[in-house]
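Trainee: Here is a sequence with its predicted model. Questions after.
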Amino acid sequence: MLALFLGLVGLVVGSFLNVVIDRLPRGESLLFPSSRCEACGRGLSTRDLLPVLSYVLLRGKCRFCGVPISWRLPLVELLTGGLFAFLGWRLGPGLELFSSLVYVALFVPIFFIDLREGIIPDVIVFPGMALALGLALLEGRAIPALVGGGVGFGLFLAIYFLARGGMGLGDVKLAGLLGLINGWPLVLVAILVAVVSGGLLASVLLALRLKGRKAAIPFGPFLVGGSFVTLLWGQGLLDLYLRLLG
């Protein structure tokens, strides 16, 4: 029942996150004006804004002008709902569940904004740092969080200077946020998962000639993906790695 409830809540949260993804990069208010079709400018009613269901009933098109609605809208709603339900099923009630839900609400817009725009907004990252630190204090792990944040930020700042344009400052600040979320030493697991998954995808894209060697691939989505994996399975992955070394 908890998973089902959180899945429904996640659908609604995902609908709001779509607003964040669309408006934050343009510097627009998240509250005003009300939602409207970006093609014809007509205001949308409640029946046009039901998560996923409206997209299905409208057959993926605006009710007024017939222009196709972006597939990203139901995808974000389904993804957020699915992640909320999964976390409720796996973690059960408690502070860890609440913290993880907050982090998902941060991860999803960062993932899609960086993927589409190639930027990681400070207006998400900096409040996210404050939230992560506050939750770490409540969970009694403030010191590991601070160390993890410092390591993540410092490591990526060094890469930023060494890469000479190969990495943006947004990734540096995001690494600091993820360090606060995952703490020390699990921040290293998150970074390793991000690097390995990013390298594998880049290799596939190169092999299929979908990207050139000098083409930029946003790294933020891999960082948030690595952080999410680490939230749930980081300690197990770290223990496995240490056993293999020993």
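Mentor: Right, received. Where do you want to start? Numbering: from 1, shown residues only.
Trainee: just for the protein, where's the confidence low?
Mentor: 165, 212-213 (pLDDT under 70).
Trainee: which of the residues in stretch 214-226 are buried?
Mentor: 218-226 (16 or more other C-beta atoms under 10 Å). Just so you know, the C-beta spots here come from the backbone N, C-alpha and C atoms, and that holds for glycine as well.
Trainee: Have a look at this structure and report its longest helix.
Mentor: Secondary structure of the chain per DSSP state H: the longest helix is helix 220-245.
Trainee: buried sites along that helix?
Mentor: Buried, per 16+ other C-beta under 10 Å, within helix 220-245: 220-231, 234, 237-238.
Trainee: Nearest to Leu180, out of those residues: which one, please.
Mentor: Set against Leu180, the nearest of the buried residues of helix 220-245 by C-beta to C-beta is Ser227 (10.2 Å).
Trainee: Just to check, that closest one is in contact with Gly179?
Mentor: No - look at Ser227 against Gly179 with C-beta atoms under 8 Å: they stay out of range, at 9.1 Å.
Trainee: re earlier: in terms of secondary structure, what does the longest helix of the chain contact?
Mentor: Under the contact criterion of 3 or more C-beta pairs under 8 Å, 6 or more residues apart in numbering; DSSP states H and E, helix 220-245 touches helix 95-117, helix 169-182, helix 186-207.
Trainee: Could you figure out how far the shortest one is turned away from helix 220-245?
Mentor: Right, the one you point to is helix 169-182. If you take axes from the mean of the first three to the mean of the last three C-alpha atoms, to 10 degrees, helix 169-182 sits at 50 degrees to helix 220-245.
Trainee: wait, what's in contact with the most centrally placed residue in the chain?
Mentor: Centre of the chain computed as the mean C-alpha position; nearest residue by C-alpha atoms, centre = their mean is Phe107, 2.0 Å away. Phe107 makes contacts with 224, 227-228, as judged by C-beta atoms under 8 Å, 6 or more residues apart in numbering.
Trainee: Now render those as CSV, adding distance to Leu186.
Mentor: Below are these laid out as CSV (distance: C-beta to C-beta, whole Å):
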residue, distance to Leu186
Val224, 15
Ser227, 9
Phe228, 12
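Trainee: Now for Leu79: which residues touch it?
Mentor: If you count contacts by C-beta under 8 Å, 6+ apart, Leu79 has them with 14, 108.
Trainee: Which helix or which strand is home to it?
Mentor: helix 72-91 (DSSP states H and E).
Trainee: what is the orientation angle of that helix with helix 220-245?
Mentor: With the same axes, to 10 degrees defining the directions, helix 72-91 sits at 30 degrees from helix 220-245.
Trainee: buried sites along helix 72-91?
Mentor: Neighbour-count burial for helix 72-91 [16+ other C-beta under 10 Å]: 73-74, 76-81, 83-88, 91.
Trainee: how distant is that helix from the center of its chain?
Mentor: Computed by C-alpha atoms, centre = their mean, to the nearest Å, the chain-centroid distance of helix 72-91 equals 12 Å.
Trainee: before we move on, what about stretch 43-59?
Mentor: Here stretch 43-59 is found 24 Å from its chain centre; the criterion is C-alpha atoms, centre = their mean.
Trainee: for stretch 78-95, same thing?
Mentor: Distance of stretch 78-95 from the chain centroid (C-alpha atoms, centre = their mean) equals 15 Å.
Trainee: quick one: the residue nearest to the centre of the chain from Ser227, how far?
Mentor: Shown here: Phe107 relative to Ser227, a distance of 7 Å by C-beta to C-beta, to the nearest Å.
Trainee: before we move on, back to that, so which of the contacts of Phe107 would you say is closest to Ile119?
Mentor: Of the contacts of Phe107, the one sitting nearest to Ile119 (C-beta to C-beta) turns out to be Val224, at 14.0 Å.
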